[in-house]
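A.B. asks: any chance you could fold what I've pasted below:
(4 chains)
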Number of protein chains: 4
Amino acid sequence: MQKLRVGILGATGMVGQRFIQLLETHPQFEVTALAASDRSQGKPYSEACKWRLAGEMPLAVRSLTVQPPAPPLDCDLIFSSLPGDVAREAEESFARAGYPVISNSSAFRMDHSVPLLIPEVNHQHLELLEGQRKRFSSGGYIVTNPNCSTIMIALALAPLHATFGVRAVIATTMQALSGAGYPGVASLDILDNVLPFIEGEEEKIESETRKILGRPKGSVIEAAPMKISAQCNRVNVADGHMAAIRVQLDQSTEVEEVGKVLASFTSLPQELHLYSAPEHPILVTTERDRPQPRYDRDAGRGMSVTIGRLKRDTVLDYSFVALSHNTIRGAAGAAILNAELLIATERLTAKS
Amino acid sequence: MQKLRVGILGATGMVGQRFIQLLETHPQFEVTALAASDRSQGKPYSEACKWRLAGEMPLAVRSLTVQPPAPPLDCDLIFSSLPGDVAREAEESFARAGYPVISNSSAFRMDHSVPLLIPEVNHQHLELLEGQRKRFSSGGYIVTNPNCSTIMIALALAPLHATFGVRAVIATTMQALSGAGYPGVASLDILDNVLPFIEGEEEKIESETRKILGRPKGSVIEAAPMKISAQCNRVNVADGHMAAIRVQLDQSTEVEEVGKVLASFTSLPQELHLYSAPEHPILVTTERDRPQPRYDRDAGRGMSVTIGRLKRDTVLDYSFVALSHNTIRGAAGAAILNAELLIATERLTAKS
Amino acid sequence: MQKLRVGILGATGMVGQRFIQLLETHPQFEVTALAASDRSQGKPYSEACKWRLAGEMPLAVRSLTVQPPAPPLDCDLIFSSLPGDVAREAEESFARAGYPVISNSSAFRMDHSVPLLIPEVNHQHLELLEGQRKRFSSGGYIVTNPNCSTIMIALALAPLHATFGVRAVIATTMQALSGAGYPGVASLDILDNVLPFIEGEEEKIESETRKILGRPKGSVIEAAPMKISAQCNRVNVADGHMAAIRVQLDQSTEVEEVGKVLASFTSLPQELHLYSAPEHPILVTTERDRPQPRYDRDAGRGMSVTIGRLKRDTVLDYSFVALSHNTIRGAAGAAILNAELLIATERLTAKS
Amino acid sequence: MQKLRVGILGATGMVGQRFIQLLETHPQFEVTALAASDRSQGKPYSEACKWRLAGEMPLAVRSLTVQPPAPPLDCDLIFSSLPGDVAREAEESFARAGYPVISNSSAFRMDHSVPLLIPEVNHQHLELLEGQRKRFSSGGYIVTNPNCSTIMIALALAPLHATFGVRAVIATTMQALSGAGYPGVASLDILDNVLPFIEGEEEKIESETRKILGRPKGSVIEAAPMKISAQCNRVNVADGHMAAIRVQLDQSTEVEEVGKVLASFTSLPQELHLYSAPEHPILVTTERDRPQPRYDRDAGRGMSVTIGRLKRDTVLDYSFVALSHNTIRGAAGAAILNAELLIATERLTAKS
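C.D. replies: Numbers count the residues shown, from 1 in each chain, chains lettered A, B, ... in the order given. A predicted model of the protein is given here:
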């Protein structure tokens, strides 16, 4: 198969770098255009970007010139990780110009006609793309993935919601530094410290999760009726978001059942053998002190959520700890898996 | 006033060192005996102990010989921070020999005749000492303080429980390294990591809090009927335990009321102007990203609990973040305040 | 004595905050004006500044309005910690307008008529102020203190140079995060990492040390003829610069002699009992694993340099490790001690 | 080729785990026996060992029973990473029993008849094995690799010494936590701190480097006549030792020449295409703030030394910063490369 040609918006940021790293050896995509909203425009990527991932900056992108995030770009589709404030205009203009936009930005996540997609959880939300046909007569469209913490939480809840019904969720997160971008959190703020506030994060978890677990009704998604409480903290960890979660279920069950439902969960991406789909979207560990960010964030090549410490809760029904890689399953990997599903369902092809 | 002469059990540990530091300039106590259960017995303290607090080891204790934790010791009272397994026998033997034992260890916390004391919260539990009269005919007794996380949580709940009734509590902690003692947590376990498990901690929070907030009934304490769920994590912070807390109240109220009740809370230690009592047992901050361990742990000379991010919760009723110094308010400072209350209520005097 | 009224340039930065903290209880100074070169101008200090030190922002400065760093300011003297690029113009304009400028900035450190002062080391360099009389006919002048690492190194070398002569120095530093200001070093850059480069630092250590240890000759300072090699690293420490130092001496001696000369060093500030002068400018420890930043940075209220691991070197003559607090002895405390010496030598008085 | 069967002594430690990880996919070796000197004897490895590396413990070793470190073991050769104190007896007994012992321990490094081998540097020292023939008539022998810091320093010096002659070396190290084993450094000792002392390390660097760079003379190695000064520090980094190095050369040259000699260095392992040999034993970077542990420790699959900040020195002749992975090139990888060289030179074969 001919590789699809990819343009990356926000290419110099932490998530942009992950896109480039993950796509370097991807069989379906090759990076042909890079754009950013900052002062790096006009420079070759090797100069514009301070590479902050392990290993060297891939050779193929070093000489690409960083362009402004506006069409046209020399590519078949767009991956976007622009900051929220500039994403709205840029992503809309690409969709209007006929590009599929697979976005990690928050701008359109709660838009009524935009799927907020986790392929294992709500692939049927792709129906919403019908609604974008009129909006973008060019054939372009926008598909988004959730916030980095939301993806992990929604993935963990999805099989429970499908099987038992989830009535209420209390999540307390301990989130990694890379979630704040680069330079992001000042070292003097996090050394020997925890920050009990992440701007906008709690609201995103509460609203996005309900959309993801909601049902299509007519041309929109009806939010799932569950109650969600999120409290978000930043801890001194490079990668890997963690959340302590309590859930209340509609239907009573045993803790072994809950564990089985989580561990045996698979979905369309596993059936379709999508390239980035992990064999197990959810791994359940019984080691008493796991999951831990440093040891579990790379499970399933960063695409699995690891769940541990599953037990009955004395206030709600069950308690567990979830962990996933915030810039892979929680950002760049999420968008790439979305694109893989769009290809597999024939919604994404090379531009003619 | 003549200073009371203090013996410290577990003198070489992290909490033992805090006792020595806090007592160095205390007007009512002087350290005259040191004991430990480890190999340091027989050595002068300056050799036996690797001093792990800021500043120098106080001169007065350097030449004291570390003794076994068994009576007699040359002192009027005992502060104990022995490990749980050796504390039971040692503390009992001192009480039996006529010493008041003010203990930070877990051994007797849930004992029916032993007060689990936070002077601001349950000073009336000192009634239980009556029950120890028969047990220790020598006049000795045991008073304990709660686990480091429990103290913070119970202090934060106390005024809410008194005013509105607390029905349910969900607490997720982010605890400091010093809580695990020294050497405690290996650096390779916590660098770029969070540990989602602390042995025995969740059970202690759940049971101790209910005892502290319970009521004397006959000669025992009837546990408060509230439901408590605790999930405990270790983070890369030297000192200062933090907890994200949701509460459900018996009685509905407004968030401003909750804030006022917390901020205006004072109790007997403040009335009695006990030396270690903070002016405000609870400080309420409205800065959106506080409390933080590095900046708030020393509030009230380490004896105040700082509460922030108070807001309505979508699942239970209210949500807030609490922080306090785990080896001061949560351990050595707690025991010292207990001793001060015992003096002020004439239960503790120089041995004749 | 009437307190001198102080204006602080660069008041919102890390060193500016230290000035405010150290002056809060200083018997000779009170802060009456604050200025900064950034967007905080026009705001009250409590809003303009994110306080990054332990404890609360002092009450007295909270309502002071942050002003532009240009005369006039309502004060008798100026402490400046402006960034190098804006310091030159601002400091010169204040000196020209008649203010004594006690600067921590690098702009004028190597200026021929400006003393680069460490009161214990080269108080006789204050002679250079004669040369500023003509330049600033207003009576204003500029006195600087060295770079944070240089102060520590020069203080450690001073008694050795005076006694034995120092021929060559090789210093490898491990410097704290606060030296880079706030926000300064990104957390993602320093977690699980060391940075082997600090811009401009090595050059400053090499040139400033030679000026400080040099001799007045006519109206200028003749640099000391020693050779100095500095290599600078940033490590994950909040405060406290450390340096591994080897020295070659002109005159051979025994290691015990070297230790004695270091430990017994005192100078004019100790004789004059200047308020911020530590009893021992240099503390020599024989504990085999000291000095350490967390335990030794506050020695002498942050004004002592701690030296340990003193031993013969196999290549040069002696090897030792030095440590001092980079924003106290290495910055704000250094400037304040300079001002105290200027008062004691009647070069600084209230403006009439 | 039939894989050689490997027994690992010290299998539960940090280096033991690295051996297992690196050998998991190695074409020439398979792990068939595990031994340890601690309480883990008799347990299956999966229970005996707390796996502290990224990824899962390899399946193949999980069920191997941990044995005492004494012959016989079911294997063709021994890799040893026993602690120094028990290594001497154990390694000698295996050699005496006919096993080739490829050791990472310090016990025999300075033994006159034992090669202290870095294949790129001193493969000709394998001649010393002749001397072991009589000692161990069984055909067993001992080959050691240097201390983790020494390997990096000696590798960096080797091409300089061969080309220009090295007269003197001053090295200041910043070493990673994994070098101290597990549990090793207490988290409370290294958070917000640097430790300026590592027991025995400075002596090892000074003596081992001179042996490695020395010449066979008769049946022993004559140490290289250079002077070496080492000062060793522990920093808060998981993996990756760094050293700031100054060298004085016998022969004067230009900095470009020095860079070329380092960057172009290859040796016998590269010629023989040994499996673990990196293409470039030394990588020279011109980025001004590299090498850095987090970004450069995995260069050449952890087997390359990265050198940066190369410049003229004002005291000695040249200054540079070196970095390498302390448990790969500095320990397990070093021993494995030694074994590969022994196979390639027909000194190591399957036991008949």
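A.B. asks: drop to CA atoms for contacts and neighbour counts, all remaining ones
C.D. replies: Fine.
A.B. asks: same for the longest helix belonging to chain A, what does it pack against?
C.D. replies: As assigned by DSSP state H, the longest helix anywhere in chain A is helix A:148-163. Applying 3 or more C-alpha pairs under 8 Å, 6 or more residues apart in numbering or on different chains; DSSP states H and E, one finds that helix A:148-163 makes contact with helix A:119-122, strand A:166-175, helix A:201-212, strand A:241-249, helix A:255-263, strand A:305-312, strand A:318-324.
A.B. asks: give me the contacts around that helix.
C.D. replies: Contacts of helix A:148-163 from elsewhere in the structure, counted by C-alpha atoms under 8 Å, 6 or more residues apart in numbering or on different chains, are A:118, A:120-121, A:145, A:166, A:173, A:175, A:179, A:204-205, A:208-209, A:212-213, A:241, A:243, A:249, A:258, A:261-262, A:265, A:281-282, A:305, A:307, A:322-324, A:326-327, A:329-331.
A.B. asks: tell me the buried residues in that helix?
C.D. replies: By 16 or more other C-alpha atoms under 10 Å in any protein chain shown, the buried positions in helix A:148-163 come out as A:148-161.
A.B. asks: between those residues, which sits nearest D:L23?
C.D. replies: A:M152 (33.9 Å; C-alpha to C-alpha).
A.B. asks: can you give me the offset of stretch A:53-63 from its chain's centre?
C.D. replies: The chain centre lies 23 Å from the centre of stretch A:53-63; the measure is C-alpha atoms, centre = their mean, to the nearest Å.
A.B. asks: any residue of that stretch up close to chain B?
C.D. replies: No: with C-alpha under 8 Å from any C-alpha of the partner chain as the measure, stretch A:53-63 is seen stopping short of chain B, the closest distance being 14.8 Å.
A.B. asks: I'd like the mean pLDDT over that stretch, please.
C.D. replies: Average pLDDT, stretch A:53-63: 92.
A.B. asks: can you confirm whether that stretch lies near chain D?
C.D. replies: Yes: Stretch A:53-63 comes into contact with chain D (C-alpha under 8 Å from any C-alpha), by way of A:53-55.
A.B. asks: how about residues contacting that stretch?
C.D. replies: A:17-18, A:20-21, A:24, A:31-32, A:44-46, A:51, D:294-296, D:298-299.
A.B. asks: what's the angle between the longest helix of chain A and strand A:241-249?
C.D. replies: Between the axes of helix A:148-163 and strand A:241-249, defined by axes from the mean of the first three to the mean of the last three C-alpha atoms, to 10 degrees, the angle is 30 degrees.
A.B. asks: which residues touch A:S138?
C.D. replies: With C-alpha under 8 Å, 6+ apart, A:S138 has these contacts: A:95-98.
A.B. asks: same thing but at 7 Å, please
C.D. replies: A:96-98 (C-alpha atoms under 7 Å, 6 or more residues apart in numbering or on different chains).
A.B. asks: next: A:H125.
C.D. replies: By C-alpha under 7 Å, 6+ apart, the neighbours of A:H125 are A:115, A:216.
A.B. asks: can I assume it sits in a strand?
C.D. replies: No: read with DSSP: H, G, I helix; E, B strand; the rest coil, A:H125 is helix and lies in no strand.
A.B. asks: where does it land on pLDDT?
C.D. replies: Value for A:H125, per-residue pLDDT: 97.
A.B. asks: follow-up on the earlier one: please convert the buried residues of helix A:148-163 to CSV, extending it with distance to B:G200 and pLDDT.
C.D. replies: As requested, these are arranged in CSV below (distance: C-alpha to C-alpha, whole Å; pLDDT from 0 to 100):
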residue, distance to B:G200, pLDDT
A:C148, 31, 97
A:S149, 28, 98
A:T150, 30, 98
A:I151, 31, 98
A:M152, 28, 98
A:I153, 27, 98
A:A154, 30, 98
A:L155, 30, 98
A:A156, 26, 98
A:L157, 28, 98
A:A158, 31, 98
A:P159, 30, 98
A:L160, 28, 98
A:H161, 31, 98
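A.B. asks: before we move on, back to that, buried only: go through the residues of stretch A:53-63 next to chain D for me.
C.D. replies: Buried among these by 16+ other C-alpha under 10 Å: none.
A.B. asks: enumerate the residues of the stretch 51-200 of chain A near chain C.
C.D. replies: Counting by C-alpha under 7 Å from any C-alpha of the partner chain, the residues of the stretch 51-200 of chain A close to chain C are A:177, A:183-188.
A.B. asks: quick one: contacts for the residue in the stretch 51-200 of chain A that chain B sits nearest to?
C.D. replies: With C-alpha to the nearest C-alpha as the measure, A:D192 is the residue of the stretch 51-200 of chain A nearest to chain B, at 4.3 Å. Shown in contact with A:D192 (C-alpha under 7 Å, 6+ apart): B:236-238, B:294.
A.B. asks: just give me the neighbour total for A:S252.
C.D. replies: Per other C-alpha atoms under 10 Å in any protein chain shown, the neighbour tally for A:S252 reads 10.
A.B. asks: that one: what secondary structure?
C.D. replies: coil.
A.B. asks: what's the closest non-adjacent residue to it?
C.D. replies: Excluding the flanking residues, the one nearest A:S252 by C-alpha to C-alpha, 6 or more residues apart in numbering or on different chains is A:F164, at 7.5 Å.
A.B. asks: over to A:P71?
C.D. replies: A:F94 is the one closest to A:P71 (C-alpha to C-alpha, 6+ apart), at 5.7 Å.
A.B. asks: for that neighbour, the count of nearby residues, please.
C.D. replies: Neighbour tally, A:F94, other C-alpha under 10 Å: 24.
A.B. asks: name the element it belongs to?
C.D. replies: Counting by DSSP states H and E, the element that carries A:F94 is helix A:84-96.
A.B. asks: with A:P72 instead?
C.D. replies: Short version, using DSSP H and E: A:P72 is in no helix or strand.
A.B. asks: from C:H273, how far out is it?
C.D. replies: 72 Å (C-alpha to C-alpha, to the nearest Å).
A.B. asks: could I get the pLDDT score of the nearest residue to A:A48 once chain neighbours are set aside?
C.D. replies: Excluding the flanking residues, the one nearest A:A48 by C-alpha to C-alpha, 6+ apart is A:S40, at 4.9 Å. Reported pLDDT at A:S40 in the predicted model: 87.
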